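[1] coordinates only, sequence not included:
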Ligand SMILES: Nc1ncnc2c1ncn2[C@@H]1O[C@H](COP(=O)(O)OP(=O)(O)OP(=O)(O)O)[C@@H](O)[C@H]1O
Ligand SMILES: [Mg+2]
């Protein structure tokens, strides 16, 4: 056993010198070079733009060929006009804003409730065995199914909208947190115990940060579900008393048979959903993974 | 050269010697078994071990003999099946794991600061204290580095700094240098010895490496395998390092050979 080992340097200075050498060898050369802007443009921006252009082209061709009569299938330009009309009337911003406000509020409430519920279920075993399967089931139940019930219970009010959003998003967030907690390596929990992290300190300093990747995935999915549920609720529970959101605009456009406005609104809903994911969750997730050395070299 | 067998056939002496001093850890008749699908597996059998305050004790044993189990019991992560474990000090024992077990969501400095925080060190003193500890393991430049940016040896040193931050009455070390290359390990042995002398630590160190045990420990305790019993014990001061190494190696080989014959 001793054969392969070296004799230790005797003097402390020498030890320090060897150590400095080892550290110098160990430390990685300064991080990977930043990807040049042109490469980012070519690899990350160009493909989606090209895809969008192709879709628009196909649409225009279908329009020209009159696959459907023009009042059923308006041209891209018509839809663009509907959008700019909205812009000049000042309704574009206010409609999107109304929906986003509801989405944000509903999502925030879902985060609070979903997180508390997740922590509770994580801590109390029998509760989890009892409610866990129900939550997983709820996750696959389209929350639009709750709209009729909510309308009967709460009438055409904001309460209906928020109830549907909560029912849609809370299960995702809770399940995400539970999955994150389940995947925490036991070693971290033991290390936390050795350091004296018990009770709330354990949750705050060990459990939550360790479960963060799974939790974030749950939040991301929770947002997608919030937004979907919100649209379903707005679409069905539309009444003049409620502020005009995107879902209601969509319903109004349908009653006026204004296909250009219908398509424009669908576009707006899509853009908001994607933008929140791209601008909020994607960078957050990337940052968390990268700070733990879990992300690939791709930025 | 005289082999100092304190324990082979006469268990009384060590206990008496250590009891006269101020014990930091005392295990009496500690056994640990696990009930597995294949029946009851006794991992540790009637372990009696006392570590005096300020002592450096190495427990040596083959892979799988129950070294980690032993340290987990002392650290309070698990309970003995029978027997008692006394850790009279006020502070819980600090444990350095076989894998560094640093938290990857924190920087090296923050890992150390978390230990300080959980020990109750006021916020304003933490950064300075963390830097002092990192300097102690000669890593003051690693403060802002993430765990994944450090090499294996650096991680173990940060883990040591974090364990020291606990200021536990005992420092338990579970093969902390097993995964490192020989030169890095040599360097860390020097560092550990220096830190132990300068800071009056009590260390219970577990390893399967004879050289490591002989070099670091004031006492070397040999653990047999399946079940883990204390087979022998040597005091390092009585025998030159090289001679003791071959002595202990022979004893360990004999222990392992016993299993092959069965
Ligand atoms: N929770 C457990 N349940 C069942 N068996 C266990 C458990 N923990 C440990 N063991 C068994 O106890 C024995 C000793 O394990 P332990 O990890 O303490 O060994 P070790 O001496 O630390 O080994 P190594 O040198 O490889 O780290 C092993 O045979 C292992 O299978
Ligand atoms: Mg082990």
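    Perfect, I can see it now. Since the model is a prediction, treat every value here as computed from it, not as a measurement. Residues are numbered from 1 along each chain as shown, chains lettered A, B, ... in the order given. Ligands and ions are numbered 1, 2, ... in the order given.

[2] for the closest residue to residue A:22 other than its chain neighbours, give me its contacts.
    Distance criterion Cβ to Cβ, 6 or more residues apart in numbering or on different chains; nearest residue to residue A:22, sequence neighbours excluded, is residue B:184 at 5.8 Å. No exception for glycine: its C-beta is placed from N, CA and C like everyone else's. Residue B:184 sits next to A:22, B:152-153, B:177 when contact means Cβ atoms under 8 Å, 6 or more residues apart in numbering or on different chains.

[3] ok, so of those, who is nearest ligand 1?
    Ligand 1 lies nearest to residue B:177 out of those, by Cβ to the nearest ligand atom, at 12.8 Å.

[4] residues contacting that closest one?
    B:156, B:184-185, B:188-189, B:212 are the contacts of residue B:177 under Cβ under 8 Å, 6+ apart.

[5] one more time with 10 Å
    Neighbouring residues of residue B:177 by Cβ atoms under 10 Å, 6 or more residues apart in numbering or on different chains: B:96, B:152-153, B:156, B:160, B:184-189, B:192, B:205, B:207, B:209, B:212, B:216.

[6] same question, residue A:246
    Going by Cβ under 10 Å, 6+ apart, the list of residues near residue A:246 reads A:95-100, A:102-103, A:227, A:230-231, A:234-235, A:265-266, A:268-269, A:272.

[7] tell me, how many residues neighbour the closest residue to residue B:40 other than its chain neighbours?
    Taking Cβ to Cβ, 6+ apart, and ignoring the residues beside it in sequence, residue B:40 has residue B:33 as its nearest neighbour in space, at 5.2 Å. Per other Cβ atoms under 10 Å in any protein chain shown, the neighbour tally for residue B:33 reads 17.

[8] follow-up on the earlier one: then the residue nearest to residue A:22 would be within a strand, right?
    No. Counting by DSSP: H, G, I helix; E, B strand; the rest coil, residue B:184 is not found in a strand; it is helix.

[9] tell me how far it lies from residue B:152.
    Distance, residue B:184 to residue B:152, using Cβ to Cβ, to the nearest Å: 8 Å.

[10] what does residue A:135 give?
    Separation of residue A:135 from residue B:152 (Cβ to Cβ): 41 Å.

[11] in a markdown table, list the contacts of residue B:184 along with distance to residue B:166.
    Output for the contacts of residue B:184, formatted as a markdown table (distance: Cβ to Cβ, whole Å):
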| residue | distance to residue B:166 |
| --- | --- |
| A:22 | 26 |
| B:152 | 22 |
| B:153 | 21 |
| B:177 | 19 |
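
[12] keep only those of the residues you listed that are in strands.
    Among the contacts of residue B:184, no residue falls in strands (DSSP state E).

[13] possible to save the residues you listed as a markdown table with distance to residue B:63 and pLDDT?
    Formatted as a markdown table, the contacts of residue B:184 follow (distance: Cβ to Cβ, whole Å; pLDDT from 0 to 100):
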| residue | distance to residue B:63 | pLDDT |
| --- | --- | --- |
| A:22 | 26 | 72 |
| B:152 | 19 | 83 |
| B:153 | 22 | 83 |
| B:177 | 15 | 87 |
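
[14] tell me the one of those residues nearest residue A:76?
    Ranked by distance to residue A:76 (Cβ to Cβ), those are led by residue B:152 at 58.0 Å.

[15] next up, the contacts around that closest one.
    By Cβ under 10 Å, 6+ apart, the contact list for residue B:152 reads A:26, B:99-100, B:177, B:179-181, B:184.

[16] what about 8 Å?
    Applying Cβ under 8 Å, 6+ apart to residue B:152 gives the contacts B:179-180, B:184.

[17] just give me the longest helix of the chain.
    Picked chain A for this. Secondary structure of chain A read by DSSP state H shows that its longest helix is helix A:91-123.

[18] the chain in question should be chain B.
    Counting by DSSP H, the longest helix found in chain B is helix B:241-261.

[19] so where's the stretch 1-150 of chain B shaky on pLDDT?
    Applying pLDDT under 70 to the stretch 1-150 of chain B flags the ranges B:1-21.

[20] could you give the average pLDDT over the longest helix of chain A?
    Per-residue pLDDT over helix A:91-123 has a mean of 91.

[21] what is it packed up against?
    Applying 3 or more Cβ pairs under 8 Å, 6 or more residues apart in numbering or on different chains; DSSP states H and E, one finds that helix A:91-123 makes contact with helix A:76-89, helix A:125-140, helix A:158-182, helix A:208-236, helix A:246-255, helix A:259-276.

[22] quick one, which of those helices is nearest to residue A:14?
    When these are compared by Cβ to Cβ, helix A:208-236 sits nearest residue A:14, at 39.8 Å.

[23] and chain B, what are its domain boundaries?
    Listed domain ranges for chain B are B:2-21+B:51-79+B:170-261, B:104-167 (source: automatic domain parsing).

[24] columns distance to residue A:68 on top of those, output as JSON lines?
    Formatted as JSON lines, the domains of chain B follow (distance: least, Cβ to Cβ, whole Å):
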{"stretch": "domain B:2-21+B:51-79+B:170-261", "distance to residue A:68": "68"}
{"stretch": "domain B:104-167", "distance to residue A:68": "54"}
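
[25] what's the most buried one of these?
    The highest mean neighbour count among the domains of chain B, using mean count of other Cβ atoms under 10 Å in any protein chain shown, belongs to domain B:104-167: a mean of 20.

[26] start and end of it, how far apart?
    22 Å (Cα to Cα, to the nearest Å).

[27] now for the residue lying closest to residue A:196 once chain neighbours are set aside: which residues touch it?
    Spatially, and ignoring its direct neighbours in sequence, residue A:196 is nearest to residue B:118 (4.5 Å; Cβ to Cβ, 6+ apart). With contact set as Cβ under 8 Å, 6+ apart, residue B:118 has these partners: A:195-197, A:201, A:205, B:166.

[28] would you say residue B:118 is within a helix?
    Yes. The assignment for residue B:118 is a helix, going by three-state DSSP.

[29] next one: stretch A:236-246 to chain centre, how far?
    Distance, stretch centre to chain centre, for stretch A:236-246: 25 Å (Cα atoms, centre = their mean, to the nearest Å).

[30] near chain B, which residues of the stretch 101-250 of chain A?
    With the criterion set to Cβ under 8 Å from any Cβ of the partner chain, the stretch 101-250 of chain A comes near chain B through A:187-188, A:190-191, A:193-197, A:201, A:205-206, A:209-210, A:212.
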